[in-house]
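Visitor: Next one to model:
(chains A and B)
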Amino acid sequence: GAVVSQHPSRVICKSGTSVKIECRSLDFQATTMFWYRQFPKQSLMLMATSNEGSKATYEQGVEKDKFLINHASLTLSTLTVTSAHPEDSSFYICSASGSGGTDTQYFGPGTRLTVL
Amino acid sequence: GENVEQHPSTLSVQEGDSAVIKCTYSDSASNYFPWYKQELGKRPQLIIDIRSNVGEKKDQRIAVTLNKTAKHFSLHITETQPEDSAVYFCAASSNDYKLSFGAGTTVTVRA
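Guide: Alright, predicted model coming up:
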């Protein structure tokens, strides 16, 4: 099946620093990648949709200048949390769907971000 | 936008019994309905999905039904086992491929 990796799996940082999270599709080309945030005991909330070679589209209420997304290739998308604060602490999960447009999404293992 | 509601929020069943989780959606344009299983601290795993041109789909002990008219779909797990214990999420999407998730159901299978 389709495999999506994420790195790092855990990160602890100080308030005010920036953190970059990578999402890779290992065995398929991902035209579209999605970034989600999940707080403890809650559902997944879509933050943004990332299409290769174009600007990401953000969901309402998500600050595009705080959560920078780059999708430079068909196998890599990155999410940078800039000037992180304790309220940004969460589980960040990416997903990818295949080329040509498809509705099936395959999820990465997630990144646990803790901002001190 | 799409709004997906999921019930119940928690479900406890005896091993061997069946579990049923129900979801409703609001957007009549939605045409893809996946179900995900998520264990604590892990990624959501796709367990079954159904598209709007199908009313029912089964994969071993798991089945999903879809009622487009009523805009609801359900997950059925038969002969539950302890390893079925997890959080289950329903979701819906339309042609933009963006998934809207339900709030989740914590399923506990008692041995």
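Visitor: Point out where the chain drops to low pLDDT.
Guide: Because you didn't say which chain, this covers chain A. A:1, A:99-102 (pLDDT under 70).
Visitor: Tell me the residues on chain A that lie near chain B, please.
Guide: Residues of chain A lying close to chain B (Cβ under 8 Å from any Cβ of the partner chain) are A:32, A:34, A:42-46, A:49, A:91, A:93, A:97, A:101-110, A:112. C-beta here means a position set from N, CA and C on the backbone, and glycine is covered the same way.
Visitor: Which of these are buried? Put it as a PyMOL command.
Guide: Here is the PyMOL command that selects the buried residues among the residues of chain A next to chain B (16 or more other Cβ atoms under 10 Å in any protein chain shown):
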select buried, chain A and resi 32+34+43+44+45+46+49+91+93+97+103+105+106+107+108+110
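Visitor: Off-centre distance for stretch B:103-110?
Guide: Chain-centre distance of stretch B:103-110: 11 Å, with Cα atoms, centre = their mean, to the nearest Å.
Visitor: what about it, near chain A?
Guide: Yes: residues of stretch B:103-110 contacting chain A under Cβ under 8 Å from any Cβ: B:103-104.
Visitor: For chain A, which segments count as strands?
Guide: A:4-7, A:10-13, A:19-25, A:30-38, A:45-51, A:57-58, A:67-73, A:76-81, A:90-98, A:106-107, A:111-115 (DSSP state E).
Visitor: In terms of secondary structure, what does the helix or strand containing B:Val109 contact?
Guide: Under the criterion of DSSP states H and E, B:Val109 resides in strand B:105-110. Applying 3 or more Cβ pairs under 8 Å, 6 or more residues apart in numbering or on different chains; DSSP states H and E, one finds that strand B:105-110 contacts strand B:10-14, strand B:19-25, strand B:86-92.
Visitor: And the contacts of it?
Guide: Contacts to strand B:105-110, defined as Cβ atoms under 8 Å, 6 or more residues apart in numbering or on different chains, come from residues B:6-15, B:19, B:21, B:77, B:80-89.
Visitor: make it 6 Å
Guide: Contact with strand B:105-110 is made by B:10-15, B:19, B:21, B:80, B:82, B:84-85, B:87-88, as judged by Cβ atoms under 6 Å, 6 or more residues apart in numbering or on different chains.
Visitor: ok, which pair from those residues is furthest apart?
Guide: The span of those, defined through Cβ to Cβ, is set by B:Gln14 and B:Val87 at 19.2 Å.
Visitor: which of these two has more neighbours?
Guide: Using other Cβ atoms under 10 Å in any protein chain shown, the more surrounded residue of B:Gln14 and B:Val87 is B:Val87, with 20 against 9.
Visitor: which residues does A:Ser25 contact?
Guide: Counted by Cβ under 6 Å, 6+ apart, A:Ser25 has contacts A:4, A:75, A:96.
Visitor: now these as TSV including distance to B:Ile50 and neighbour count?
Guide: Converted to TSV, these look like this (distance: Cβ to Cβ, whole Å; neighbours: other Cβ atoms under 10 Å in any protein chain shown):
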residue	distance to B:Ile50	neighbour count
A:Val4	22	23
A:Thr75	29	19
A:Ala96	21	28
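Visitor: how about the strands in chain B?
Guide: Remark: strands assigned in chain B by DSSP E are B:4-7, B:10-14, B:19-25, B:32-38, B:45-51, B:56-59, B:62-67, B:72-77, B:86-92, B:100-101, B:105-110.
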